[in-house]
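Engineer: Mind looking at a prediction? Sequence and model below.
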Amino acid sequence: MTGSRKHPVPSTPGVGSKGSHVRGWVMSNVLTIAVAVVLLVLLVVFSATADSFLTLPNVLNMLRQIAPTLVVAVTMTLVITTSGIDLSVGSIVALSGSLLAIWVKGGMDPTLALGLVLLLGVTVGGVNGWFSSYQGLPPFIVTLATLSIVRGTALLVTGGYSTPISGDAWITVLGQGRVAGVPVPAIVALIVAIIGWFLFTQTPFGRYVVGLGSNAESLRRTGVNTRLVGLVVYILSGLAAAVAGVLIATRLASGSSNAGVGFELEVITAVVLGGTSLLGGRGSVVGTALGALVLGVIANGLVLLHVSPFYVQIVQGAILLLAIFLNTRIFSRFGTVSR
């Protein structure tokens with residue numbers, strides 16, 4: 001008696017594949033989903049404990065305060081994905097804001113002063129990129145050196161004092177203006193985030209950035225100029241830091257050499273919290289945006305609860321340590337984070 005042959009049970013078209021696509025999406029975006037859940041929990045907690053937290057004025061003010069961090073965090077995502085780091089962003093914030101205030105107070109056309117400040121950011125970023133990508137020096141050492149040089153320059157040109165920016169100068173609109181009730185800094189941050197997301201996920205350059213961090217030699221053998229890619233990401237980081245310096249200085253109507261102290265820590269925390277690997281090769285602009293929002297919500301919520309502002313830095317450091325631990329020891333097993 002011959003044995004019967006078992007026929008495969010037909011499956012409903014699309015059902016299995018759809019489930020596997022969903023699981024694959026969840027696994028590849030687990031860090032972004034996790035930080036989104038954290039953000040949601042924080043919103044619920046602070047809404048229940050601080051009466052004015054979810055009011056429109058406070059939400060808009062929070063978005064305006066988060067904007068400089070988000071602007072720089074987007075480009076820092078690119079830098080860290082290449083397995084680099086940029087510690088000079090806080091110093092660029094200070095020098096760009098200080099020079100903008102000094103030049104405008106000295107009678108320079110505000111538009112020209114703005115252009116020169118942005119050029120300054122590009123220049124410092126170019127220096128970082130040249131030494132890191134073309135000379136092979138460790139980015140940590142290079143940007144640590146420029147951190148000191150740029151901060152020292154800011155102290156030198158200001159003498160340690162703040163320089164006011166006249167309210168008559170149009171550039172104050174960049175920090176204090178509103179469009180349809182939305183603060184201009186928040187709009188600028190949103191535009192930068194969208195451009196950064198598109199650049200990272202929809203262009204060959206974004207693939208080169210990931211490739212540079214995951215396997216630079218293989219990328220180089222395909223004919224890509226890996227040194228140029230590295231140079232560009234540092235230029236973008238320097239430019240973003242200059243933009244952040246302008247937003248902060250015009251919001252406060254003052255340029256100060258003490259601005260941006262610890263800013264690089266906040267930016268890197270937002271990036272790592274969002275799922276970008278410090279080892280390179282994995283990054284998420286969406287996750288970075290959520291990470292920046294988490295930090296902003298925590299800072300704002302603690303202030304509304306009358307907690308000492310000194311605790312904010314302690315919390316940020318703890319979040320950075322926890323994010324790195326989860327990133328490298330637990331969530332890394334789920335694979336590459338979607339960009």
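Structural biologist: Structure received. Numbers count the residues shown, from 1 in each chain.
Engineer: residues near residue 325, how many?
Structural biologist: When neighbours are counted by other C-beta atoms under 10 Å, residue 325 registers 11. Bear in mind the C-beta positions are built from the backbone N, C-alpha and C, glycine included.
Engineer: Apologies, that question was intended for residue 167.
Structural biologist: When neighbours are counted by other C-beta under 10 Å, residue 167 comes out with 8.
Engineer: which SS state does it fall under?
Structural biologist: coil (DSSP: H, G, I helix; E, B strand; the rest coil).
Engineer: Quick one: distance of stretch 129-139 to the chain centre.
Structural biologist: Taking C-alpha atoms, centre = their mean, to the nearest Å, one finds the center of stretch 129-139 at 21 Å from the center of the full chain.
Engineer: pLDDT weak spots in the protein?
Structural biologist: The chain contains residues with pLDDT under 70 at 1-19, 22-28, 329-339.
Engineer: and if we set it to 80?
Structural biologist: 1-31, 167, 309, 312, 316, 323-324, 326-339 (pLDDT under 80).
Engineer: Can you pull up the most central residue in it?
Structural biologist: For the chain, residue 73 is the residue whose C-alpha lies nearest the centre (C-alpha atoms, centre = their mean; 0.6 Å).
Engineer: show me what contacts residue 262?
Structural biologist: Residue 262 sits next to 90, 313 when contact means C-beta atoms under 8 Å, 6 or more residues apart in numbering.
Engineer: Would you check how far apart it and residue 114 are?
Structural biologist: Per C-beta to C-beta, to the nearest Å, residue 262 is found 25 Å from residue 114.
Engineer: Same check on residue 147?
Structural biologist: 23 Å.
Engineer: Have a look at these two and say which one is more surrounded.
Structural biologist: Per other C-beta under 10 Å, whichever of residue 147 and residue 114 has more neighbours is residue 114, with 23 against 20.
Engineer: The more buried one against residue 171, yeah?
Structural biologist: Yes: counting by C-beta atoms under 8 Å, residue 114 touches residue 171, with 5.9 Å between them.
Engineer: what touches both of the two?
Structural biologist: Each of 100, 246 lies in contact with both residue 114 and residue 171 under the rule C-beta under 8 Å, 6+ apart.
Engineer: and the end-to-end length of stretch 126-140?
Structural biologist: Start-to-end span of stretch 126-140 (C-alpha to C-alpha, to the nearest Å) is 15 Å.
Engineer: Run through who's touching it.
Structural biologist: Here stretch 126-140 makes contact (C-beta under 8 Å, 6+ apart) with 79, 84-88, 142-143, 146, 226-235, 237-238.
Engineer: Inside strands: which ones of these?
Structural biologist: Taking DSSP state E, every one of those sits outside strands.
Engineer: helix/strand/coil for residue 91?
Structural biologist: Secondary structure assignment for residue 91 (three-state DSSP): helix.
Engineer: Could you pull up the residues touching it?
Structural biologist: By C-beta under 8 Å, 6+ apart, the residues touching residue 91 are 146-151, 154, 260.
Engineer: Mark which of these are buried, thanks.
Structural biologist: With burial judged by 16 or more other C-beta atoms under 10 Å, the buried subset of the contacts of residue 91 is 146-147, 150-151, 154, 260.
Engineer: can you name the two of those that are farthest apart?
Structural biologist: By the measure C-beta to C-beta, 146 and 260 form the most distant pair in these, at 13.3 Å.
Engineer: Okay, helices next: where are they in this protein?
Structural biologist: 15-28, 30-49, 56-81, 89-105, 110-129, 139-158, 172-176, 184-202, 204-214, 216-221, 226-252, 263-273, 285-304, 310-325 (DSSP state H).
Engineer: Counting neighbours, show which residues of the last one come out buried.
Structural biologist: Neighbour-count burial for helix 310-325, counted by 16+ other C-beta under 10 Å, picks out 312, 316, 319-320, 323-324.
Engineer: Let's have these in a markdown table, adding distance to residue 164.
Structural biologist: Below are those laid out as a markdown table (distance: C-beta to C-beta, whole Å):
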| residue | distance to residue 164 |
| --- | --- |
| 312 | 26 |
| 316 | 29 |
| 319 | 34 |
| 320 | 34 |
| 323 | 38 |
| 324 | 40 |
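Engineer: Let me know the closest of these to residue 184.
Structural biologist: For the buried residues of helix 310-325, the nearest to residue 184 is residue 312 (24.6 Å; C-beta to C-beta).
Engineer: Was I right to think the closest one contacts residue 299?
Structural biologist: Yes: between residue 312 and residue 299 there is a contact under C-beta under 8 Å: 5.0 Å.
Engineer: of the helices of the chain, which approaches residue 165 most closely?
Structural biologist: Proximity to residue 165 (C-beta to C-beta) singles out helix 89-105 among these, at 4.9 Å.
Engineer: Could you verify my assumption that residue 60 touches residue 184?
Structural biologist: No: using C-beta under 8 Å, residue 60 is not in contact with residue 184, being 11.2 Å away.
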